[in-house]
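quick one: sequence and predicted model below, then my questions.
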Amino acid sequence: MAAQVPLVDYLALGGEPHLVASECTQCGARYFDRRNACANCSATEFKKVDVPTQGTVRAFTIVSFAAPGIPVPFVSAIVDCDGTSVRANLVNIDPDPEHVRTGLKVRLTTFPIGTDEAGTEAIGFGFEPAA
Amino acid sequence: MAEDVWILGINMTKFGKHPDKDTIDLAAQAALAALADAGVTMKEMGVLAAGNLMGGAGGIGQNLQKQIGQTGIPVYNVANACATGATALRTAVMSVKAGESDFGLAVGVEKLAGAGLLAGGSRKSDDKTWTPAGRYGAVAAIDGRIGTETMPGVFAQIGVEYGHRYGGTSFEMFARISEKNHAHSTLNPLAAYTKRMTLEEIMGDVMIAYPNTRPMCSANCDGAAAAVVVSDSRLRTLSLEQQRRAVKISASVLTTDPWEEACQVLPNVNTLTRNAAKQAYESAGVGPEDLDLVELHDCFATAELVHYDNLMLCEQGGAADFFNSGATWRDGKMPVNVSGGLESKGHPIAATGIANIWEICQHLRNEAGERQIQGAKVGLAHVIGLGSACGIHILEKAAA
């Protein structure tokens, strides 16, 4: 099996893929990016926490016009994973307003996005309908 | 308390395509016209604040001085995304309030005609080997792979989220907001687009990011706007005509977005606007019910809806009902974007935060011609720069 690398470092592959947030040990604010300090309380200690892989669509758009090289249409969404908001594409769903709606229950899924010259496969993530 | 500051003169250029003019030409045109409107010259100006976001080269203020008057005064070149114009004005206001200047000049200018997507408009190709980079340790471009970075998409989500929280929204309702603004612009000769569009035309146009079709997005165009401000004490020494036409800046507020859950996943344009509005109403001693007209930042139809709520023009959660009541049409009880707004008047980014104030001043001075809101005494101008910055100015007609 080819070596794999996650699209972003907050995607944990392995057993059951999931997202990992940095949580401020003082106030509990969660982040996905590399931090200098907490934007809420300015503390500098963080711990890694697993983000639930199930969530609810709180906002979405169906992007029909994007930069060259980005396949359209695609669905961009904000998914509420039990209190932690995640930005992701919705996948395995028809990209039209008859199928995509807020309140939809979704779950994390991963998929290959390409293989580099060294033969390493990059793995992306999205959310798909849970039912 | 620092003394009051007034707008003595103000101007905006025609918004649209100006292929024969460069950025400095447009800035100079607006600045000279604002000075003429004020009845003063560059010699009186104690401070210049200027903004130009997409021009690339720095020093817009100094470059402008070299065309209209190198008087040696301090220049502040400001940049605050779509709030750049409001930030320039507020910089001049602060200088006057601080007692450093009697007069100040603020200018915003942009050349954007023909520009496409302004963010997420390009995507670099994937590297030959996956190498984590940046704050997310991404091995490849994430726009389009982890949601969208385009402005139409971001603001679409903001409007859809409002609908999820409070209900009452639909593609058609958002399109009707755009229908209103395109109808309003037919009375504004300086608007980039002055053609009325039917609901069917708007909904049937090119989809950019559902539910925003092309005419529901702000129009990229060229334009500039400039304002001359003066201290209250200096105004009292000027002619009665200048005093009569002066417009009082009852509030000048700038806020940024405080941290909230989700704000780094989807920008929260709500809280900083609400915070700015509260401060502005408090500072001006007026409430939303006292406003005769509002120019708010309808960078997308989906954005206009949420700002009805954020500016407290309606009850919390009631923006859809408020719009459906007809309140925000020019003959409604709270006219919003009678200029045509960013969707139809156009959005030359750094000019917008002064151009919306020009619109309010036209009405308060009873000089708005065909689109005059009769008897207008108090108006509010609002801009949002994503990232985020919110500028709100409340303006009042001179008492005399």
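Happy to help now that I have it. Numbering: from 1, shown residues only, chains lettered A, B, ... in the order given.

excluding its backbone neighbours, what's nearest the closest residue to chain A within the stretch 251-400 of chain B?
Nearest residue of the stretch 251-400 of chain B to chain A: B:Ala262, at 3.5 Å (Cβ to the nearest Cβ). For the C-beta atoms, the positions are set from N, CA and C on the backbone; glycine is no exception. What sits nearest to B:Ala262 in space, not counting adjacent residues and going by Cβ to Cβ, 6 or more residues apart in numbering or on different chains, is A:Ser85, at 3.5 Å.

partner residues bridging B:His382?
Counting by DSSP bridges, B:His382 is bridged to B:Ile392.

run a quick neighbour tally on it.
The burial count assigned to B:His382 is 27, neighbours taken as other Cβ atoms under 10 Å in any protein chain shown.

is it true that it touches B:His297?
Yes: using Cβ atoms under 8 Å, B:His382 is in contact with B:His297, at 5.5 Å.

now for those two: what residues contact both?
Counting by Cβ atoms under 8 Å, 6 or more residues apart in numbering or on different chains, the shared contacts of B:His382 and B:His297 are B:307, B:356.

follow-up on the earlier one: got a list of what the residue of the stretch 251-400 of chain B closest to chain A touches?
For B:Ala262, the contacting residues are A:78, A:85, B:268, by Cβ under 8 Å, 6+ apart.

tell me the SS of it?
Recorded secondary structure, B:Ala262: coil (DSSP: H, G, I helix; E, B strand; the rest coil).

quick one, phi psi at it?
Main-chain torsions, B:Ala262, degrees, to the nearest 10: phi 80, psi -10.

same deal with B:Gln243?
According to degrees, to the nearest 10, B:Gln243 has phi -70, psi -40.

then the one 10 residues further on?
Backbone torsions for B:Val253, taken as degrees, to the nearest 10, come to phi -130, psi 140.

can you list the domain ranges for chain B.
Domain segmentation of chain B under automatic domain parsing yields B:5-115+B:221-247, B:151-216+B:250-397.

distance to A:Pro112 added to those domains, as JSON lines?
Output for the domains of chain B, formatted as JSON lines (distance: least, Cβ to Cβ, whole Å):
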{"stretch": "domain B:5-115+B:221-247", "distance to A:Pro112": "35"}
{"stretch": "domain B:151-216+B:250-397", "distance to A:Pro112": "24"}
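
and of those domains, who's closest to A:Glu128?
When the domains of chain B are compared by Cβ to Cβ, domain B:151-216+B:250-397 sits nearest A:Glu128, at 18.6 Å.

show me how far the closest one is from its chain's centre.
Relative to its chain's centre, domain B:151-216+B:250-397 lies at 9 Å (Cα atoms, centre = their mean, to the nearest Å).

gap between the two ends of it?
End-to-end distance for domain B:151-216+B:250-397: 35 Å, by Cα to Cα, to the nearest Å.

try stretch A:96-105
Using Cα to Cα, one end of stretch A:96-105 lies 17 Å from the other.

in that stretch, which residues are buried?
Going by neighbour count (16 or more other Cβ atoms under 10 Å in any protein chain shown), the buried part of stretch A:96-105 is A:100, A:102, A:104.

filter these by proximity to chain B?
Near chain B, taking Cβ under 8 Å from any Cβ of the partner chain as the test, the members of those found are A:Thr102.

and which of the buried residues of stretch A:96-105 is nearest chain B?
For those, the minimum distance to chain B (Cβ to the nearest Cβ) is 3.6 Å, reached by A:Thr102.

contacting residues for that closest one?
For A:Thr102, the contact set (Cβ under 8 Å, 6+ apart) comprises A:57-60, B:160-161, B:163-164.

in a markdown table, list those residues along with secondary structure.
Shown next, in a markdown table, are the contacts of A:Thr102 (three-state DSSP):
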| residue | secondary structure |
| --- | --- |
| A:Val57 | strand |
| A:Arg58 | strand |
| A:Ala59 | strand |
| A:Phe60 | strand |
| B:Val160 | helix |
| B:Glu161 | helix |
| B:Gly163 | helix |
| B:His164 | helix |
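
any chance of the residues you listed in JSON lines, with neighbour count, pLDDT and distance to B:Ala115 too?
Listed next are those as JSON lines, based on neighbours: other Cβ atoms under 10 Å in any protein chain shown; pLDDT from 0 to 100; distance: Cβ to Cβ, whole Å:
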{"residue": "A:Val57", "neighbour count": "25", "pLDDT": "98", "distance to B:Ala115": "32"}
{"residue": "A:Arg58", "neighbour count": "22", "pLDDT": "98", "distance to B:Ala115": "31"}
{"residue": "A:Ala59", "neighbour count": "27", "pLDDT": "98", "distance to B:Ala115": "26"}
{"residue": "A:Phe60", "neighbour count": "28", "pLDDT": "98", "distance to B:Ala115": "26"}
{"residue": "B:Val160", "neighbour count": "28", "pLDDT": "98", "distance to B:Ala115": "25"}
{"residue": "B:Glu161", "neighbour count": "23", "pLDDT": "98", "distance to B:Ala115": "27"}
{"residue": "B:Gly163", "neighbour count": "21", "pLDDT": "98", "distance to B:Ala115": "29"}
{"residue": "B:His164", "neighbour count": "20", "pLDDT": "97", "distance to B:Ala115": "31"}
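
pick out the most distant pair among these.
Maximum pairwise distance in the contacts of A:Thr102, criterion Cβ to Cβ, is 12.1 Å, between A:Val57 and B:Gly163.

just the pLDDT for B:Gly58.
Reported pLDDT at B:Gly58 in the predicted model: 74.

residues near it, how many?
As a burial measure, B:Gly58 scores 11 neighbours (other Cβ under 10 Å).

looking at this, it is in a strand?
No: assigned with three-state DSSP, B:Gly58 falls outside any strand and is coil.

for it, give its distance to chain A.
With distances taken as Cβ to the nearest Cβ, to the nearest Å, B:Gly58 is found 26 Å from chain A.

surely that residue touches B:Ala79?
No: B:Gly58 is not in contact with B:Ala79 according to Cβ under 8 Å; the separation is 9.3 Å.

what number of residues lie near B:Thr129?
B:Thr129, neighbours per other Cβ under 10 Å, totals 12.

mind listing what the closest residue to it other than its chain neighbours touches?
Among residues not flanking B:Thr129 along the chain, A:Asp116 sits closest, at 4.7 Å (Cβ to Cβ, 6+ apart). Counting by Cβ under 8 Å, 6+ apart, A:Asp116 touches A:122, B:126-130.
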